[in-house]
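> let me see the structure of the following:
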Amino acid sequence: MSTWSLPCTATAQPVRRDGSPHDSTTKRERIATAATAITVLRTVSSAVLAFHAARVGSLPWLLWALAVYWIGDMADGACARHFDHETRFGAVLDIVCDRFNAGAFYLGLAWLQPDLAWPIALYVAEFMTVDTVNSLAFLAWPTRSPNYFYEVDRPVWLLNWSRPAKAANSAIFAVLLILTGNVWLGFLIAGAMWLVKLWTLRRIMAIGMPLPVTQGAA
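Numbering: from 1, shown residues only. Down below sits the predicted model:
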């Protein structure tokens, strides 16, 4: 049997911010939850709206796709927390679906407003690669999702998965790009996000992943 040897920055017995136990064992893992159903529904609905918007050349339809994505993303998380259905499977599914919905939206936006294509490409490259790796790094520790990464490293959590950080990471680029249509502002925001995500990746690598050790080993 193997256990996990945690780095000094992680807690051996994960707890929530309110001090209550944080159970992230495999016995909690299940697919059939209301939160998972919401994730699937919002993913399919937002993608259909985004591709329809691109087909008919409609920015309002594309904004509906973005709204469904964001509202659904908040709803599945709230549902999982309310019913205590947070699982590692659900967190991974949410991360993957976020990328699909964001990709569909930004593909539609670049299709409708080609002048914004390059800053969109810069942002999407960061979100689909470095940010995906960072978001999945929680799997190396016994924590349910990136939302609890403060158990491993608080500065990384504050810049990436605290509520203000999540809102900034997902909303600022899209909202300002749509409202202003300013290409250089888009480059500035996307570039700043690259810096934050690369710093995050470097810090996670510096922390070091916990290694499995055999019980009873010296």
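> leaving out the residues flanking it, which one is nearest to the residue minimising distance to the centre of the chain?
Nearest residue to the geometric centre of the chain (CA atoms, centre = their mean): Ile95, 4.8 Å. Using CB to CB, 6 or more residues apart in numbering and skipping the chain neighbours, the partner closest in space to Ile95 is Ser135 (4.9 Å). (Each C-beta comes from the backbone N, C-alpha and C, glycine too.)
> equivalent analysis for Ala117, please.
Ala110 (4.4 Å).
> from Ser135, how far off is the one you found?
Counting by CB to CB, to the nearest Å, the gap between Ala110 and Ser135 amounts to 23 Å.
> same check on Phe127?
10 Å.
> now Pro164
From Pro164 to Ser135 the distance is 17 Å (CB to CB).
> same thing with Leu201?
11 Å.
> the two: which is more packed in?
Between Leu201 and Ser135, counted using other CB atoms under 10 Å, Ser135 has the larger neighbour count: 24 against 17.
> quickly find the element holding the more buried one.
Counting by DSSP states H and E, the element that carries Ser135 is helix 130-136.
> dump the helix or strand following that helix to CSV, restricted to CA.
Using DSSP H and E, the helix or strand that follows helix 130-136 in sequence is helix 154-160. What follows is helix 154-160, C-alpha atoms only, in CSV (Å, rounded to 0.1, in the frame of the first residue of the first chain):
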residue,chain,number,x,y,z
ARG,A,154,-1.7,30.1,-0.7
PRO,A,155,0.0,32.6,-3.0
VAL,A,156,-0.7,30.4,-6.0
TRP,A,157,-4.3,30.0,-4.9
LEU,A,158,-4.8,33.7,-4.4
LEU,A,159,-3.6,34.6,-7.9
ASN,A,160,-5.4,31.8,-9.7
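> what residues sit buried inside helix 154-160?
Val156, Trp157, Leu159, Asn160 (16 or more other CB atoms under 10 Å).
> how far does the following helix or strand past that helix sit from the chain's center?
On the C-terminal side of helix 154-160, the closest following helix or strand by DSSP H and E is helix 163-167. Mean C-alpha position of helix 163-167 versus that of the full chain (CA atoms, centre = their mean, to the nearest Å) differs by 11 Å.
> helices or strands up against helix 163-167?
Helices and strands touching helix 163-167, by 3 or more CB pairs under 8 Å, 6 or more residues apart in numbering; DSSP states H and E, are helix 154-160.
> what comes into contact with the helix it packs on?
134-135, 146, 149-150, 165-166, 169, 196-197, 199-200, 203-204 (CB atoms under 8 Å, 6 or more residues apart in numbering).
> now do 10 Å
9, 131, 134-135, 137-138, 146-151, 153, 162, 164-166, 168-169, 196-197, 199-201, 203-204, 207 (CB atoms under 10 Å, 6 or more residues apart in numbering).
> narrow those residues to just the buried residues.
Counted by 16+ other CB under 10 Å, the contacts of helix 154-160 give 131, 134-135, 137-138, 146-151, 153, 166, 168-169, 196-197, 200-201, 204, 207 as buried.
> for this structure, which spans come out with low pLDDT?
1-29, 211-218 (pLDDT under 70).
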